[in-house]
Structures are given as structure tokens and as C-alpha cells.
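# below is the structure, and that's it, no one-letter string:
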């Protein structure tokens, strides 16, 4: 017997008694009331910039949490046989999303491993100095001058409609970097801090290497810092700028030549050395995107009423990262051709074979499971072209 999914779909929508949606038995305080739906658009960004809503609103946090934990599946149809198959849809924080980010990270790591980006400085015997072509910059926003919501809006590259608010902070920072270091490629990760403010990371791959010096940090980890006095002055990291920062950090950041919105940290990436507690700087940047939000990984989620209640700094940072990017409709990881070309991440130039499968729609996971259950009873289920 064949069932046309066009009719089948209508049965689900009209007669829930025919195929009922299973009850959710999620037992936790951190739960929204909209059944896992996220219907916010550009109006939410405007409300946040104007102060009508904040990232700390309980309802908004609960909606995000429900949205992450409510599985959906993509329906694919074979163009020749009309066979239907289903796959878990990727959404921020779920296992499919983390897997996609993990695959992207592995491609980057493989490319970096096959190329040399740092080497000893000619004429210097000291191992404390090296040339490197890769820098990692972490940017923050002043809590005195900006709300967390204003800071997230500043990360957007496109302006906000009907609101007099200047966006594009990262674009301006990129232009300033290019004026100092020349042509480069960038990877940007829009990460949050543990209080909800954005603290983006920017990995910069240079055409011309710069000298960095090995530095032993207070926590026992090793970092590599810019060592060229001329460059240090141009990025506002020379001794005069540092002294000003110790005396009046707000005044110092306002006068920084390349980033005026808050503090800035610049480190060199050296392939043979760890990056803090991480094996490399690229994994450090991806760290919260390759983890999943689940009760199995974070049992304390069952008892949370809001993100700020968590005593786990890593969990708070991850949740605020997903919340900020979701609310402000920003991509968490961005890199283009200039970055890929410089690390040797070549595009696939092989001719593409004709794709036999097409994505039809995204449906709730419980509905996909019901369809598969019906198929297992030897019913033929199709969806009209």
C-alpha cells in the first residue's frame, strides 16, 4: 500500500489523534513554553539594542535551550526512486552541528600540518624568538561603555534597519590589521565570555612573518608575543600604551590605534607548542562549537533556571555563545578564500557528479520517526514533487 506524504502530512496537521505527537518527559527548570520553536527575527535585535530585551531574559534563554534539545530531521528524496530518508538536522549546540564544526576544524588542522608557518629567526641562537605567519587575537568590549547586547550588535557586518547604530566593528579591525601587516587571511570566531558579552577570536594568517618571543605566563603556560617595537607601537602594545592601560584602562582602550571598543590580546601560534591548555590555537578557537549541549554531558542543566546560575564557567560561556549568535543572527565561524589559500585548504575542483538526493523539508524528529515506523510495516511513503 502506498501513502502520498502530501496527504500524510495533512493528516498529522489536522488529526493529531491519527498520529499523535509524543509527550516530552524533559524534567528540568530550564524549559521554555513554545515547544522548541524559535520564531524571533530582526525585531529581536532591535529590541535588544534599544534595551527592551536582554540576553539575561529567562524566557529567551529557555526558548534557546528548548530549541537546541528539540530534534528535527531533514527529509531527503531520491530523484530517481523517490525513496525518502531522514537525517538529524544540525542546529547550534546539537550533536549534528558539533560534528559539522569538528569536520571543518579537522580540515583546517590537516592543511596546517602539511605547511610550515613558523621558523627560527636567522642570526639568533636563542630559541626564545621565532618567526611566525599566524597570529591569534582576542577582542573584548568595555562593560562600562556597552551593554552586552550593544556589543553583539557591533559584531554584525550589516546595519540594523530603522536604528541609528553603527555596526561593522570587526570589519574595521580587519582593515586596521591589513594596514599594519599587509595582505592576510582571517578566520573569525564569535565567542562569548562567561557573562554574555562577546569576546571574538580572530586568527590571522600573514604573507610576511613577524618575530614573536616566548613568554612564560603566570599560570605556567607558554605564549608567544610580538617582539618588534615598531609593530608593538602600531597595535598599541608598546610600553607607553601598557603603562597607560595600567593607569586608566578605559582611556587606553579608547586611544588604541586598531581596537577602541575594549581590551585586545595578541599571541603568535607556533606549531610545535601547545596553545595554553589546548594542543593548538585552532582547536582553542573551535572549543565551544565542537561540544554538545545535552543532559548527558552537562547533568547540571536539569537544575538550572538560567545560564548565570551555573557554576561551570565553560558551560556558561558555551551557552552564551550560542545564545548571542542565535539572537543576533551572526555566524559563529567565518573564513573565506584568502584564509583557505594561505593555509593550503584547497577547494575541490573535481567536476561534481549529478546529485541524486534532494532535500525536501525539515520536520520534527518525532514525525520522521513515525514515517519510518510506517515504512517498516511495508507501506510505501512518498512526497509529491
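Structure's in. What do you need? Here the structure is a predicted model, which means the values were calculated and not measured.
# pLDDT value on the residue nearest to residue 365 when sequence neighbours are not counted, please?
Leaving out its chain neighbours, the residue that sits closest to residue 365 by CB to CB, 6 or more residues apart in numbering is residue 71, at 3.7 Å. Using the backbone N, CA and C atoms, a C-beta is placed for each residue, glycine as well. At residue 71, the model reports a pLDDT of 92.
# can you report how many residues lie near residue 71?
17 (other CB atoms under 10 Å).
# which residues does it contact?
Residues in contact with residue 71 (CB atoms under 8 Å, 6 or more residues apart in numbering) are 88-89, 94, 364-365.
# the residue lying closest to residue 118 once chain neighbours are set aside in helix, strand or coil?
Closest residue to residue 118 apart from its sequence neighbours, by CB to CB, 6+ apart: residue 132 at 4.0 Å. Per DSSP: H, G, I helix; E, B strand; the rest coil, the secondary structure class of residue 132 is strand.
# I'd like the numbering to begin with 890 instead of 1 from here.
Sure, I'll start numbering at 890, so the last one becomes residue 1021.
# what is the neighbour count of residue 1021?
Neighbour tally, residue 1021, other CB under 10 Å: 21.
# can you list the contacts of residue 960 in JSON lines and add distance to residue 999, pLDDT and neighbour count?
Below are the contacts of residue 960 laid out as JSON lines (distance: CB to CB, whole Å; pLDDT from 0 to 100; neighbours: other CB atoms under 10 Å):
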{"residue": "977", "distance to residue 999": "25", "pLDDT": "94", "neighbour count": "16"}
{"residue": "978", "distance to residue 999": "27", "pLDDT": "94", "neighbour count": "19"}
{"residue": "983", "distance to residue 999": "25", "pLDDT": "94", "neighbour count": "20"}
{"residue": "1253", "distance to residue 999": "36", "pLDDT": "89", "neighbour count": "18"}
{"residue": "1254", "distance to residue 999": "32", "pLDDT": "90", "neighbour count": "17"}
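# if I pick residue 1063, what's in contact with it?
Per CB under 8 Å, 6+ apart, neighbours of residue 1063: 1075, 1091.
# so where is the stretch 1040-1189 of the chain shaky, pLDDT-wise?
Applying pLDDT under 70 to the stretch 1040-1189 of the chain flags no residue at all.
# tell me where it has strands.
1073-1078, 1090-1105, 1111-1115, 1153-1157 (DSSP state E, counting those that start in this stretch).
# beta-bridge partners for residue 1252, please?
In this entry, residue 1252 is beta-bridged to residue 962, by DSSP bridges.
# pretty sure it sits against residue 962.
Yes: under the criterion of CB atoms under 8 Å, residue 1252 makes contact with residue 962 at 6.2 Å.
# between these two, which is the more surrounded one?
Each of residue 1252 and residue 962 has its neighbours counted (other CB under 10 Å); residue 962 has more, 22 against 19.
# please verify my assumption that the more buried one contacts residue 975.
Yes: judged on CB under 8 Å, residue 962 makes contact with residue 975 at a distance of 4.4 Å.
# return every residue with contacts to both of those two.
Common contacts of residue 962 and residue 975, defined by CB under 8 Å, 6+ apart, comprise residue 1257.
# closest to residue 925 out of the contacts of residue 960?
Lowest distance from residue 925 to the contacts of residue 960 (CB to CB) belongs to residue 1253, with 8.1 Å.
# now that closest one, nearest residue through space, not along the chain?
Excluding its sequence neighbours, the residue lying closest to residue 1253 (CB to CB, 6+ apart) is residue 961, at 5.9 Å.
# burial of the one you found, as a residue count?
When neighbours are defined as other CB under 10 Å, residue 961 has 20 of them.
# and stretch 979-999, what's buried?
Residues of stretch 979-999 classed as buried by neighbour count (16 or more other CB atoms under 10 Å): 979-983, 985-987, 990, 993-994, 997-998.
# which of these fall in strands?
Judged by DSSP state E, the subset of these located in strands is empty.
# TSV please, covering those and showing distance to residue 1225.
TSV is the format used below for the buried residues of stretch 979-999 (distance: CB to CB, whole Å):
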residue	distance to residue 1225
979	21
980	24
981	21
982	25
983	26
985	24
986	21
987	23
990	17
993	13
994	17
997	13
998	18
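# please narrow these to those residing in helices.
If you go by DSSP state H, these have 985-987, 990, 993-994, 997-998 in helices.
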